[in-house]
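**Student:** Fold the following and give me the result.
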Amino acid sequence: MNRTLSAAALVLLAVVALPTAANAVEGESYGPGSCNSITPASVARGAAVTYSCSDFWAANQTVSITIDSSAAGGSTRTLSTVADAAGDIDVSIDTAADPAGTYTLTATQGAVSDSSDFTVLDPAEAAAAASASDPSAGGDALADTGFAGTALPWAAGGLLAVGAAALGTVLVRRRQQA
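**Tutor:** Numbering: from 1, shown residues only. Take a look at the predicted model:
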């Protein structure tokens, strides 16, 4: 009887605690692809930004990319690229000739489109923004440790279940011996 309760408690703990690690699937897509937008979102004038989408566009078809800089006092320019066999695109955009300001990038292929914004900063503004986010430079950015704590309630519940099973085993044993 005690072995059965102990085994049941261990199985319950395994069922509750182990699947949390299996849920973190990296790189898997659950549905249509997605655009990862523009990285970095802010860049110093002269540096490049990258616009990338994975499994989003029709394979081997042209994607038209329009960069609207009219809000920054510039003009509109158009680029084009061809999606690969998986429907992915990865476009590097040079900002050397662009004035500082906010830009809107719109990618279109037929009726499908995606839009993202990015900011071009003057080199002095970019240096100030970089030092403000650098913890070694006295900024207030926090490190990303990758731990969200979502498994803690499940682990605590599993430990409570194991404790309750152990307590139940002790009580049953005392009643049998009395």
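**Student:** quick one: least confident helix or strand in this structure?
**Tutor:** Ranked by mean pLDDT, DSSP states H and E, the weakest helix or strand in the chain is helix 19-22, scoring a mean of 52.
**Student:** can you give me the strands for the chain?
**Tutor:** Secondary structure of the chain (DSSP state E): strands at 34-39, 42-44, 48-54, 62-68, 76-82, 89-94, 101-109, 112-121.
**Student:** Reformat the ones you listed as TSV; add mean pLDDT and distance to residue 150.
**Tutor:** (Each C-beta comes from the backbone N, C-alpha and C, glycine too.) Shown next, in TSV, are those (pLDDT from 0 to 100; distance: least, Cβ to Cβ, whole Å):
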stretch	mean pLDDT	distance to residue 150
strand 34-39	77	22
strand 42-44	86	30
strand 48-54	90	25
strand 62-68	92	37
strand 76-82	90	38
strand 89-94	91	32
strand 101-109	89	34
strand 112-121	88	29
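**Student:** how about the ones you listed in TSV, adding mean neighbour count and distance to residue 159?
**Tutor:** Below are the strands of the chain laid out as TSV (neighbours: other Cβ atoms under 10 Å; distance: least, Cβ to Cβ, whole Å):
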stretch	mean neighbour count	distance to residue 159
strand 34-39	15	38
strand 42-44	18	45
strand 48-54	18	40
strand 62-68	18	52
strand 76-82	13	53
strand 89-94	15	46
strand 101-109	18	50
strand 112-121	17	45
